[in-house]
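Trainee: Dropping a prediction and its sequence here:
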Amino acid sequence: MCTSRHDSNTIAPERCETMEQVRAGVDHTDRLLMALLERRFGYMRAAARIKERRDAVRDEARKAQVIANARQDAIGRGVPDDCVAAMWDVLVESSIAYEMEEWDRIRR
């Protein structure tokens with residue numbers, strides 16, 4: 001059982017009985033998402049290092065594939081796929097912008 005908002009011993013959403021438990025779960029999940037974003041942006045740094053040409057950073061076919069994959073995964077999990085697709089569009093565009101910045105920084 002959750003004892004505070006910052007307790008990492010959160011309970012499953014379907015077992016929450018108080019808003020304190022819900023908020024603790026959301027806060028913990030946000031920290032987990034941040035760790036995953038850190039890892040994802042690490043892959044963007046690797047891509048910037050590996051790609052030889054700056055114009056290779058933007059790949060519309062790959063962007064569409066990543067968003068379609070997220071949408072399908074969302075459907076399979078019972079999560080609103082339109083919301084996920086919209087979030088992934090922002091995530092991918094932000095990743096492309098970051099990768100371009102990294103590409104430029106590495107080659108200065």
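Mentor: On my side now, so go ahead.

Trainee: show me where this structure has helices.
Mentor: 19-50, 60-77, 81-106 (DSSP state H).

Trainee: for the last one, packing partners?
Mentor: Okay, so that is helix 81-106. Contact here means 3 or more CB pairs under 8 Å, 6 or more residues apart in numbering; DSSP states H and E; on that basis helix 81-106 packs against helix 19-50, helix 60-77. To be clear about C-beta, it is placed using only N, CA and C from the backbone, and glycine gets the same treatment.

Trainee: How far away from the center of its chain is it?
Mentor: 10 Å (CA atoms, centre = their mean, to the nearest Å).

Trainee: Tell me the spacing between the residue sitting nearest the centre point of the chain and P80.
Mentor: Computing the C-alpha centroid of the chain and ranking residues by CA atoms, centre = their mean puts L37 first, at 5.0 Å. Separation of L37 from P80 (CB to CB, to the nearest Å) stands at 20 Å.

Trainee: Can you check which of the helices of the chain gets nearest to I11?
Mentor: Proximity of the helices of the chain to I11 was assessed by CB to CB; the nearest stretch is helix 19-50, lying at 5.9 Å.

Trainee: what's the offset of the closest one from the middle of its chain?
Mentor: Remark: helix 19-50 is offset 6 Å from the chain centroid, using CA atoms, centre = their mean.

Trainee: same check, this time on stretch 14-23
Mentor: Taking the mean of its C-alpha atoms, stretch 14-23 sits 24 Å from the chain's own mean (CA atoms, centre = their mean).

Trainee: Show me what counts as buried in it.
Mentor: 16, 21, 23 (16 or more other CB atoms under 10 Å).

Trainee: Tell me the one among those residues nearest to T29.
Mentor: R23 (10.6 Å).

Trainee: And for V84, the neighbour number?
Mentor: V84 is surrounded by 19 other residues when neighbours are defined as other CB atoms under 10 Å.

Trainee: no no, T10
Mentor: T10: 19 neighbours (other CB under 10 Å).
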